[in-house]
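>>> below: sequence and its predicted model.
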Amino acid sequence: MSATQTAENCSFEMGMYRPPSEGGSHSLLVRVTRNCPWNRCTFCSLYKRNKFSLRSPEEVRQDIDCMASIAGQMQAVSSELGFEGKINAVVARALLQSAPWLSSMPGHVMIFNWLYSGARTAFLQDANTPVMPGDRLSEVLRYLRRAFPTLERVTSYARSKTLARKSVEELKALREAGLDRLHVGLETGDPELLAKVKKGVSAQEHILGGKKAMEVGFQLSEYWMPGLGGLEQWQQHARNTARVLNAIDPHYIRSRPFSPAPGTPLYEAFSRGELTLLSPMEQLVELRCLVEDLNVHSRLCFDHSANCWPNTQGGLLLSQDYEGYRLPEDKARVLRLIEEGIQAQAGRPKGRTPRILH
């Protein structure tokens, strides 16, 4: 069929990474920039071998047109089968029978999953799309919204430094053009640790960037990294991170426990014995310290598989739901769960005597 042949010949760029919550909603992945403009954090291995570059609005528009063509052709098959453009298992089988190459093309599979989930969300790749000049990014956002009118949310990663440097008016223009949610890698609010991991931003810039994002109406997710300071800096990491989060009061606080990635400077420091990783019990003590100090109206989320502490029954201690726990209403509940996790760890056989942090 000619329409399917057109889809087969249509290609677009797609980056590697997106937040779990965007994967869970099967967001449409639209690559606006390539890789990370900073790319110096000592804990990160994601973009180290790749050079950052901006894509032109023309390139991104061509990709959006290609995605719209593929989506339209999938919906046309649905209509032919009497499903009024809706995507379901019957349509999937029909597509695979008429175009078996679909299953081997990740971009086409991504679009199918996006349509199947309701075509409601999109994620702009890669690591920091707001670094693009505002007029160009606004152009892309408006084009994306026109091409896909069913979109209810458009999201991007962003660096605090970038947000802090932009004016409120520039950020407001992006919001009005159709950007709804920002995912920011806070990692830590401790000044000493920020410098140590070469985050390229100060605690005050974290606060300034976050407060600007909140002021103009973005939904804001701030990610912190339990264990990043190791045994040597755990308490200042937790307390100063809580201080920064309290100043921002974001919509979401998302936990991403630290694990040294091979090939990174922090992995080398760990290998040399210069960084002592926290045990699971110590991670929970650090988490308790942060939660006790939080005074926010946020969702506290553990929506990543690394948040895998067990409860006393051997099940998962903390929900990995994307919406997490509501603070301050669920603060006491979260602290009770953390205490349960600490008890569960205390009862587990260990090859060494666990340290008890205070």
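Yes, it's here.
>>> other residues contacting stretch 231-244?
By C-beta atoms under 8 Å, 6 or more residues apart in numbering, the residues outside stretch 231-244 that reach it are 186, 188-193, 196, 203, 206-207, 210, 224, 227-229, 275-278, 282, 285-287, 289-290, 293-294, 355, 357. Every residue, glycine included, has its C-beta placed from N, CA and C.
>>> what subset of those is buried?
186, 188-190, 193, 196, 203, 206-207, 210, 224, 227-229, 275, 278, 282, 285-287, 289-290, 294, 357 (16 or more other C-beta atoms under 10 Å).
>>> could you dump stretch 44-51 to CSV, C-alpha only?
Below are the C-alpha coordinates for stretch 44-51, written out as CSV (Å, rounded to 0.1, in the frame of the first residue of the first chain):
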residue,chain,number,x,y,z
CYS,A,44,27.2,11.2,34.6
SER,A,45,28.2,8.9,31.7
LEU,A,46,25.2,9.6,29.4
TYR,A,47,26.6,12.0,26.8
LYS,A,48,30.4,11.9,27.4
ARG,A,49,31.3,10.7,23.9
ASN,A,50,29.0,13.0,22.1
LYS,A,51,29.3,16.7,21.1
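>>> list the contacts of that stretch.
For stretch 44-51, contacts defined as C-beta under 8 Å, 6+ apart pick out 16, 17, 34, 35, 36, 39, 126, 127, 261, 262, 263, 264.
>>> redo that, cut-off 10 Å
By C-beta atoms under 10 Å, 6 or more residues apart in numbering, the residues outside stretch 44-51 that reach it are 15-17, 34-41, 126-127, 185, 187, 197-199, 260-267.
>>> among the contacts of stretch 231-244, which ones are in strands?
With strands defined by DSSP state E, the entries of the contacts of stretch 231-244 inside them are 186, 224.
>>> so which residues of the protein form helices?
Taking DSSP state H as the criterion, the chain contains helices spanning 2-8, 20-24, 57-80, 89-98, 106-116, 134-147, 160-165, 168-177, 191-196, 203-216, 230-248, 265-271, 280-293, 331-346.
>>> got JSON lines for those helices, with mean pLDDT too?
As requested, the helices of the chain are exported to JSON lines (pLDDT from 0 to 100):
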{"stretch": "helix 2-8", "mean pLDDT": "50"}
{"stretch": "helix 20-24", "mean pLDDT": "85"}
{"stretch": "helix 57-80", "mean pLDDT": "94"}
{"stretch": "helix 89-98", "mean pLDDT": "87"}
{"stretch": "helix 106-116", "mean pLDDT": "90"}
{"stretch": "helix 134-147", "mean pLDDT": "98"}
{"stretch": "helix 160-165", "mean pLDDT": "98"}
{"stretch": "helix 168-177", "mean pLDDT": "98"}
{"stretch": "helix 191-196", "mean pLDDT": "97"}
{"stretch": "helix 203-216", "mean pLDDT": "98"}
{"stretch": "helix 230-248", "mean pLDDT": "97"}
{"stretch": "helix 265-271", "mean pLDDT": "93"}
{"stretch": "helix 280-293", "mean pLDDT": "97"}
{"stretch": "helix 331-346", "mean pLDDT": "96"}
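>>> now these in TSV, with distance to residue 301?
Formatted as TSV, the helices of the chain follow (distance: least, C-beta to C-beta, whole Å):
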stretch	distance to residue 301
helix 2-8	36
helix 20-24	8
helix 57-80	29
helix 89-98	31
helix 106-116	22
helix 134-147	25
helix 160-165	19
helix 168-177	22
helix 191-196	22
helix 203-216	16
helix 230-248	13
helix 265-271	24
helix 280-293	12
helix 331-346	11
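>>> drop anything exposed from the contacts of stretch 44-51.
For the contacts of stretch 44-51, a neighbour count by 16+ other C-beta under 10 Å gives the buried set as 15, 17, 34-39, 41, 126-127, 185, 187, 197, 199, 260, 264-267.
>>> how is this structure carved up into domains?
1-158, 178-348 (automatic domain parsing).
>>> from the chain's centroid, how far away is the first one?
A distance of 16 Å separates the centroid of the chain from that of domain 1-158, by C-alpha atoms, centre = their mean, to the nearest Å.
>>> show me what counts as buried in stretch 310-325.
Neighbour-count burial for stretch 310-325 flags 317, 318, 320, 322, 324, 325 (criterion: 16+ other C-beta under 10 Å).
>>> leaving out chain neighbours, which residue sits closest to the fourth one?
I take that to be residue 322. Counting by C-beta to C-beta, 6 or more residues apart in numbering, residue 21 is the residue found nearest to residue 322 once chain neighbours are left out, at 4.4 Å.
>>> for the one you found, list the residues it contacts.
Residues counted as contacts of residue 21 (C-beta under 10 Å, 6+ apart) are 27, 121, 123, 155, 181, 183, 221, 252, 254, 301, 303-304, 321-323.
>>> rerun that using 8 Å as the cut-off
221, 303, 322.
>>> in a markdown table, list those residues along with pLDDT.
Listed next are those as a markdown table, based on pLDDT from 0 to 100:
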| residue | pLDDT |
| --- | --- |
| 221 | 98 |
| 303 | 95 |
| 322 | 95 |
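>>> strands - which of the residues you listed land there?
Restricting the contacts of residue 21 to those inside strands, with DSSP E as the criterion, leaves residue 221.
>>> and which of the contacts of residue 21 is nearest residue 313?
Ranked by distance to residue 313 (C-beta to C-beta), those are led by residue 303 at 21.5 Å.
>>> which residues touch that closest one?
Contacts for residue 303 were tallied using C-beta under 8 Å, 6+ apart; they are 20, 21, 24, 254, 320, 321, 322, 324.
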